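Trainee: predicted model follows, preceded by the sequence.
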Amino acid sequence: MPRFFLTTAIDYANGEPHLGHALEKVGADAIARFHRQLGYDVHFLIGMDEHGQKVAQTAEKQGMPPQQFVDEIAAIFQAMWARLGVAYDQFIRTTAPAHKEAVRRLIEQIFAADAALPESQRNFYERSYTGLYCVGCESFKQPSDIVDGKCAVHPTRTLEEVTEHNWFFRLSAYTEQLKQLFRDQPSFLEPESRRNEILQLLEQGLEDISASRSRFDWGVPFPRPLSSGEVQTTYVWFDALPNYWTARFFPGYDQKAAWPADLHVIGKDITRFHTVIWPAMLMAAGEPLPRQVWAHGFISLGGERFSKSAGVKLTLDEAIERYGVDAFRYYLLRDVPYDGDGSFSWERFEEVYNSDLANTLGNLASRSIAMIEKYRAGVVPAVAPDAELFAAHGASLADARAAVDGARQHRPNESIGAVMDIARRTNEYIQRTQPWVLAKDPANAPQLDTVLTTLAASLAHCAAWLAPVMPEKMQAMWEQLGGAGAVTAARLDQPIDVSGWKVTKGAPLFPKPEAAKE
RNA sequence: GGCUGGGUAGCUCAGCUGGUGAGAGCGCACGACUCAUAAUCGUGAGGUCGAGGGUUCGAUCCCCUCCCCAGCUACCA
């Protein structure tokens, strides 16, 4: 069984999960679920980035030890992922001993490689860094953050020139190798728009980066002291990014999380870290690179009804409660292109819910099941479905698959669109064949058998193909159709035979909530 | 400022290397049907394909200029 190891970015433990977190996780979850149903042995890794100065500060403000603080945040995130149906296989936390130990291991691996290099080429070296330090932010400021010689965030404070001596990583030495990577394997970073940005960065040339810092100690102690004897804290690059690689050092995960990963799903804002710094680190350590990085876009609360001035905000709880978890997942994945940006609005949510879920799909299920009950006592006739219709369906399914198995990148929205084409085509088929007319004359029984089987088969395929997006609702639909077992066990690369299935009309799958209407 | 990608029906967007008719979904209007969650099916509405030049027998798709929008321009992550 082919393996598919995908990851999402680990979330910074500095606040609660929001719409943006949800988009990434639900999107990656759908990709993971699609692969499971395509027959892959999937390992889906997500987690938390729990170190760093900000976390330590926030914990302090709340008057608790940092570990306790991140424990609570991690629990909140995990509860949200459970609620959203995000079925990860491993949840990694950077404060876990196994991670910290593996970080040391990775760094030592690079030091070991350095031993064979002349001093001027070593990956790790000590260097003094002088920068403008903002006491308010407790961080160094880049020229772009400075306005009129002051920190843009704390204009009343004076920036101090501070010198710090750190371990550095010779990122600049990898410019050519990275260019080569993108030449040989353009698909290393998708979508193309993001790749262009990184290519531009590589053209400009890279600067070396800090590998350790002295100003905070909430993190992994850098394995080697400076020549002065000072032990510093491993900086974020060498702590957070390696989580994908350290996952396999957790007990029981040595095979499941075997490196390299097939796909890193990340937000477009951290593309450079994952496609420049991370591969360079792996090159330095002599480790293989992940096969691909997918940088998704963002979702905003752009609509008027969510304007800040109106004071309208949105919590994930609200978004879930209105129409249910699966409808929310559907809306996110259907309405936001995974390679670009989108915006959340209740207006669009309602449109999508009513049009796609209630009218097109839900009603198709209702009418089909009702007719099978009415005309065939609930048993799907054991005949072949309409060949012509299924030829068209087959083309749609091929499209749906290409949009999620990597062939045409990772676009759940396009996959969903292709499946909805099946539902629309089937509604049209009903109108064209008019089973209620066929039912009036027993002589038409064979034709009616074909029509009813075609309806059940069409729906069964919709259920299987939308299960990665709406696992609970599609399970309900599957059961109404009389499918055995879990719909998530239905293989997408095989046709589904519905002969003899016993359908049962249940409650509408996607009821229109009168109460929610204003 | 520089770089990249965009500006196509009310909305969200497809339109590969230029060629007889500019499309989809939603929304809207009208019509049809009754199996169904007042759902569905059909038809239509007639968008200077951002603006102005140019190349070509012919451009939404090529070139130039301009206008507008978005992203990137590295150590908070």
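Mentor: Thanks, I have the structure now.
Trainee: where exactly do the strands run in the stretch 51-200 of chain A?
Mentor: Secondary structure of the stretch 51-200 of chain A, counting by DSSP state E, counting those that start in this stretch: strands at A:90-93, A:124-134, A:139-141, A:146-147, A:150-151, A:160-169, A:189-190.
Trainee: show me how far the longest one is from its chain's centre.
Mentor: The reference is to strand A:124-134. The chain centroid and the centroid of strand A:124-134 are separated by 35 Å under CA atoms, centre = their mean, to the nearest Å.
Trainee: for it, packing partners?
Mentor: helix A:97-114, strand A:139-141, strand A:160-169 (3 or more CB pairs under 8 Å, 6 or more residues apart in numbering; DSSP states H and E). (C-beta placed from N, C-alpha, C; glycine too.)
Trainee: wait, which of the ones you listed is closest to residue A:428?
Mentor: helix A:97-114 (53.7 Å; CB to CB).
Trainee: CA atoms only: put the closest one into CSV for me.
Mentor: Extracted C-alpha coordinates of helix A:97-114, given in CSV (Å, rounded to 0.1, in the frame of the first residue of the first chain):
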residue,chain,number,x,y,z
PRO,A,97,10.9,15.5,25.4
ALA,A,98,11.1,13.4,22.3
HIS,A,99,11.0,16.5,20.1
LYS,A,100,13.6,18.3,22.1
GLU,A,101,15.9,15.4,22.0
ALA,A,102,15.4,15.0,18.3
VAL,A,103,16.1,18.7,17.7
ARG,A,104,19.4,18.2,19.5
ARG,A,105,20.0,15.2,17.3
LEU,A,106,19.4,17.1,14.1
ILE,A,107,21.7,19.9,15.2
GLU,A,108,24.4,17.5,16.2
GLN,A,109,24.0,15.8,12.8
ILE,A,110,24.9,19.1,11.2
PHE,A,111,27.8,19.7,13.5
ALA,A,112,29.0,16.3,12.6
ALA,A,113,28.9,17.2,8.9
ASP,A,114,30.7,20.4,9.7
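Trainee: tell me if it is near RNA strand B.
Mentor: No: applying CB under 7 Å from any atom of the strand, one finds helix A:97-114 separated from RNA strand B by no less than 13.5 Å.
Trainee: just want the angle from that helix to strand A:160-169.
Mentor: Interaxial angle of helix A:97-114 relative to strand A:160-169 (axes from the mean of the first three to the mean of the last three CA atoms, to 10 degrees): 80 degrees.
Trainee: residue at max distance from the center of chain A?
Mentor: residue A:443 (53.0 Å; CA atoms, centre = their mean).
Trainee: got a pLDDT number for that residue?
Mentor: Confidence at residue A:443, expressed as pLDDT, is 95.
Trainee: how close does it get to residue A:113?
Mentor: Separation of residue A:443 from residue A:113 (CB to CB, to the nearest Å) stands at 81 Å.
Trainee: ok so, going back, look up phi and psi at the residue farthest from the centre of chain A.
Mentor: Phi and psi for residue A:443, reported as degrees, to the nearest 10, are phi -60, psi -20.
Trainee: where's it relative to RNA strand B, distance?
Mentor: Using CB to the nearest atom of the strand, to the nearest Å, residue A:443 is found at 18 Å from RNA strand B.
Trainee: again, but for residue A:287
Mentor: Distance from residue A:287 to RNA strand B, by CB to the nearest atom of the strand: 20 Å.
Trainee: which ones are touching that residue?
Mentor: With contact set as CB atoms under 8 Å, 6 or more residues apart in numbering, residue A:287 has these partners: A:109, A:245, A:259-260.
Trainee: next: residue A:390.
Mentor: A:454, A:457.
Trainee: quick check: which ranges of the stretch 201-350 of chain A have low pLDDT?
Mentor: A:302-312 (pLDDT under 70).
Trainee: please redo it, this time with the cut-off set to 50
Mentor: A:303-311 (pLDDT under 50).
Trainee: and it, which of its residues are near RNA strand B?
Mentor: So the stretch 201-350 of chain A meets RNA strand B at A:201, A:204-210, A:235-236, A:240, A:268-270, A:272, A:276, A:337, A:340-341 (CB under 7 Å from any atom of the strand).
Trainee: what does the stretch 351-500 of chain A give?
Mentor: A:351, A:354-355, A:358-360, A:362-363, A:365-367, A:370-371, A:374, A:424, A:427-428, A:430-432, A:434-436.
Trainee: buried subset of the residues you listed as a ChimeraX selection?
Mentor: Selection command for ChimeraX covering only the buried members of those, criterion 16 or more other CB atoms under 10 Å:
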select /A:354,358,360,362,363,365,366,367,371,427,430,435
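Trainee: do I have it right that residue A:33 meets residue A:88?
Mentor: No: taking contacts as CB atoms under 8 Å, residue A:33 lies outside contact range of residue A:88: 11.0 Å.
Trainee: got the helices and strands packed on strand A:124-134 as TSV, with mean pLDDT and distance to residue A:406 columns?
Mentor: Below are the helices and strands packed on strand A:124-134 laid out as TSV (pLDDT from 0 to 100; distance: least, CB to CB, whole Å):
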stretch	mean pLDDT	distance to residue A:406
helix A:97-114	97	27
strand A:139-141	68	38
strand A:160-169	86	31
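Trainee: of all those, which lies closest to residue A:56?
Mentor: So among the helices and strands packed on strand A:124-134, strand A:139-141 is nearest, using CB to CB, at 12.8 Å.
Trainee: list the residues that contact the nearest residue to residue A:62 once chain neighbours are set aside.
Mentor: Spatial nearest neighbour of residue A:62, chain neighbours left out: residue A:69 (6.3 Å); criterion: CB to CB, 6 or more residues apart in numbering. Residues in contact with residue A:69 (CB under 8 Å, 6+ apart) are A:13, A:55, A:58-59, A:62.
Trainee: now name the helix or strand holding residue A:238.
Mentor: Using DSSP states H and E, residue A:238 sits within helix A:236-240.
Trainee: so what does the following helix or strand past that helix touch, helix or strand wise?
Mentor: Scanning forward in sequence from helix A:236-240 by DSSP H and E, the next helix or strand is helix A:243-246. Applying 3+ CB pairs under 8 Å, 6+ apart, we find helix A:243-246 packed against strand A:41-49, helix A:97-114.
Trainee: give me the buried positions along the longest one.
Mentor: The neighbour-count criterion (16+ other CB under 10 Å) identifies A:98-100, A:102-104, A:106-107, A:110-111, A:113-114 as the buried residues of helix A:97-114.
Trainee: contacts for that helix?
Mentor: A:92-94, A:122-124, A:211, A:220, A:222-224, A:234, A:238-239, A:242-243, A:245-246, A:249-251, A:281, A:284-287.
Trainee: which of the residues you listed are buried?
Mentor: In terms of neighbour count (16+ other CB under 10 Å), the buried residues within the contacts of helix A:97-114 are A:92-94, A:122-124, A:211, A:220, A:222-224, A:234, A:238-239, A:242-243, A:245-246, A:249-250, A:281, A:284-285, A:287.
Trainee: between the two ends of stretch A:438-450, how far is it?
Mentor: 11 Å (CA to CA, to the nearest Å).
Trainee: quick check: the residue in chain A positioned nearest to RNA strand B vs residue A:504, distance?
Mentor: Across chain A, no residue is closer to RNA strand B than residue A:362, which sits at 1.9 Å (CB to the nearest atom of the strand). Per CB to CB, residue A:362 is found 16 Å from residue A:504.
Trainee: how about residue A:358?
Mentor: 20 Å.
Trainee: quick one: residues in contact with stretch A:167-179.
Mentor: So stretch A:167-179 is in contact with A:121-127, A:129, A:199, A:202, A:205-212, A:222, A:224, A:226, A:232, A:237-238, A:276-277, A:279-281, A:283-284, going by CB under 8 Å, 6+ apart.
Trainee: with just CA atoms, put stretch A:22-37 into PDB.
Mentor: This file holds the C-alpha atoms of stretch A:22-37, laid out as PDB (Å, rounded to 0.1, in the frame of the first residue of the first chain):
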ATOM      1  CA  ALA A  22      -9.600  25.900  10.700                       C
ATOM      2  CA  LEU A  23      -9.200  26.500   7.000                       C
ATOM      3  CA  GLU A  24      -5.700  24.900   7.000                       C
ATOM      4  CA  LYS A  25      -6.600  22.000   9.100                       C
ATOM      5  CA  VAL A  26      -9.900  21.100   7.400                       C
ATOM      6  CA  GLY A  27      -8.200  21.400   4.000                       C
ATOM      7  CA  ALA A  28      -5.400  19.200   5.000                       C
ATOM      8  CA  ASP A  29      -7.800  16.800   6.700                       C
ATOM      9  CA  ALA A  30      -9.800  16.500   3.500                       C
ATOM     10  CA  ILE A  31      -6.700  15.800   1.500                       C
ATOM     11  CA  ALA A  32      -5.700  13.100   4.000                       C
ATOM     12  CA  ARG A  33      -9.200  11.600   3.900                       C
ATOM     13  CA  PHE A  34      -9.200  11.500   0.100                       C
ATOM     14  CA  HIS A  35      -5.900   9.700   0.100                       C
ATOM     15  CA  ARG A  36      -7.100   7.200   2.600                       C
ATOM     16  CA  GLN A  37     -10.100   6.400   0.400                       C
END
